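A.B. asks: Have a look at this prediction, sequence included:
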Amino acid sequence: MPGSDLRAALADMRGAVRQGVPLAPMMHLRIGGPAEWFVEPFGEQDVALVVRVCRELELPLYVLGGGSNVVVADQGVRGVVLHLSSLHRIVREQNRVTVGAGVTLPSLLRATKEAGLAGLEKLTGIPAMVGGAVAMNAGTRDGETFDHLVSLTVVEPDGRIGVRAKEQLQPRYRDGGLGDAIVVQATFELEPDAPEAIFARFSASLQARNRSQPVTQRSVGCVFRNPPGDAAGRLIEAAGCKTMSVRGVRVSDKHANYFVNDDTGTAGDFVALMTEVRERVRAEFGVELAAEVKFWGFPER
Ligand SMILES: Cc1cc2nc3c(=O)[nH]c(=O)nc-3n(C[C@H](O)[C@H](O)[C@H](O)COP(=O)(O)OP(=O)(O)OC[C@H]3O[C@@H](n4cnc5c(N)ncnc54)[C@H](O)[C@@H]3O)c2cc1C
């Protein structure tokens, strides 16, 4: 089995290599089985080494950010789950900040607010790491991660480290368009503003979010992408799905595009509920809802 060679192949890597690590505690949804291998590299060169080794050993490689947009299969995932929490530097140079992929958005927002740099507060309340926010081009009605992006440092699928300027990237709605490249660092250009003014916008966004979304419950945020010109949540509600549940997972009564886990739910329940909701929306409106959430360890979906 190729994975048995992994520890030896990563002997020169700075960081941790663990086997059979439960993923559920790291996922916002608190669902999912273990990772066959869980690797936490120390720096960019170490990430690059992991990518090259996985390629050589033909091991599937998954990158975990904040775990806020992923459903892991109940039986877990084969291969390597890479976690970049060691890439946690924030460096400011005038109006630019360069941030490691493992920095959480809330800590980045706190740092930029204190530095009097505005722009990122439109991402308030998104429970992501910077790498995951870039990969998904996370955003709100007020704007997206790519709005203030200048460049990215990535590890390419062949293990080379490269810099991609914003102009070389093709972000779309909830998709940074990076393919299999791994973000290790991002640089944003922000605007100077008074910390109090930034904080006021931050607080207003947070309050609006608390009113309209089940932020204290276990979810993955929006399950489905908004179809062009409409909102998935509106369609789900109008199709009469707001009270639906499959065992421990139910449609949130606060926001119908959020499914919440009551702590007994499984990935199987989540997928079964998605299937039912999708069928009802298709039958009612002829609209095919596409998943925004990512699935790991499932047969091809
Ligand atoms: C309560 C709640 C509210 C939310 N609100 C919003 C919202 O308002 N707007 C919004 O857009 N999303 C929202 N989301 C969804 C989620 O937060 C975003 O999709 C976010 O970008 C995911 O980031 P993450 O770091 O948690 O990534 P993960 O969930 O860990 O991963 C998501 C995807 O990104 C990939 N990825 C992660 N890190 C990297 C990396 N370094 N390089 C390359 N690929 C990587 C993963 O492989 C995976 O495919 C919400 C989720 C929750 C639970």
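C.D. replies: Everything's here; your move.
A.B. asks: Just to check, residue 15 is in contact with residue 40?
C.D. replies: Yes - counting by CB atoms under 8 Å, residue 40 is a contact partner of residue 15 at 5.0 Å. All C-beta atoms are positioned from the backbone trio N, CA, C, and that covers glycine.
A.B. asks: Name the residues contacting each of these two.
C.D. replies: residue 86 (CB atoms under 8 Å, 6 or more residues apart in numbering).
A.B. asks: Which residues of the stretch 101-250 of the chain lie near the ligand?
C.D. replies: 101, 126-129, 131-133, 135-136, 138-140, 174, 178, 182-183, 215, 219-221 (CB under 6 Å from any ligand atom).
A.B. asks: Okay, and which of these map to strands?
C.D. replies: 139-140, 182-183 (DSSP state E).
A.B. asks: what's the most distant pair in those residues?
C.D. replies: Farthest-apart pair in those is 140 and 182; separation 24.8 Å (CB to CB).
A.B. asks: Of these two, give the one with the bigger neighbour count.
C.D. replies: Comparing residue 140 with residue 182 by other CB atoms under 10 Å, the one with more neighbours is residue 182, at 25 against 14.
A.B. asks: hang on, isn't that one packed against residue 51?
C.D. replies: Yes - under the criterion of CB under 8 Å, residue 182 makes contact with residue 51 at 6.7 Å.
A.B. asks: would you list every one of the helices in this structure?
C.D. replies: Secondary structure of the chain (DSSP state H): helices at 6-9, 44-57, 105-114, 130-135, 195-212, 232-238, 267-285.
A.B. asks: Tell me which of the ones you listed lies nearest to residue 167.
C.D. replies: helix 130-135 (15.3 Å).
A.B. asks: What helices and strands are in contact with that closest one?
C.D. replies: Helix 130-135 sits against helix 105-114, strand 182-189, with contacts defined as 3 or more CB pairs under 8 Å, 6 or more residues apart in numbering; DSSP states H and E.
A.B. asks: 10 Å - rerun?
C.D. replies: The contact analysis (3 or more CB pairs under 10 Å, 6 or more residues apart in numbering; DSSP states H and E) places helix 130-135 against strand 61-64, strand 96-100, helix 105-114, strand 149-155, strand 182-189.
A.B. asks: if you average pLDDT over it, what comes out?
C.D. replies: For helix 130-135, mean pLDDT is 98.
A.B. asks: now could you export just the CA positions of it as CSV?
C.D. replies: What follows is helix 130-135, C-alpha atoms only, in CSV (Å, rounded to 0.1, in the frame of the first residue of the first chain):
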residue,chain,number,x,y,z
VAL,A,130,-7.4,32.7,4.4
GLY,A,131,-6.5,29.8,2.1
GLY,A,132,-10.1,28.5,2.2
ALA,A,133,-11.5,31.9,1.7
VAL,A,134,-9.3,32.5,-1.4
ALA,A,135,-10.0,28.9,-2.8
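A.B. asks: Centre of the chain to it, how far?
C.D. replies: Put simply, helix 130-135 sits 6 Å off its chain's centre (CA atoms, centre = their mean, to the nearest Å).
A.B. asks: now stretch 22-33
C.D. replies: That offset, for stretch 22-33, works out to 13 Å (CA atoms, centre = their mean).
A.B. asks: if we can go back for a sec, just send the helices of the chain back as JSON lines, with mean neighbour count too.
C.D. replies: Shown next, in JSON lines, are the helices of the chain (neighbours: other CB atoms under 10 Å):
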{"stretch": "helix 6-9", "mean neighbour count": "15"}
{"stretch": "helix 44-57", "mean neighbour count": "20"}
{"stretch": "helix 105-114", "mean neighbour count": "18"}
{"stretch": "helix 130-135", "mean neighbour count": "28"}
{"stretch": "helix 195-212", "mean neighbour count": "14"}
{"stretch": "helix 232-238", "mean neighbour count": "20"}
{"stretch": "helix 267-285", "mean neighbour count": "18"}
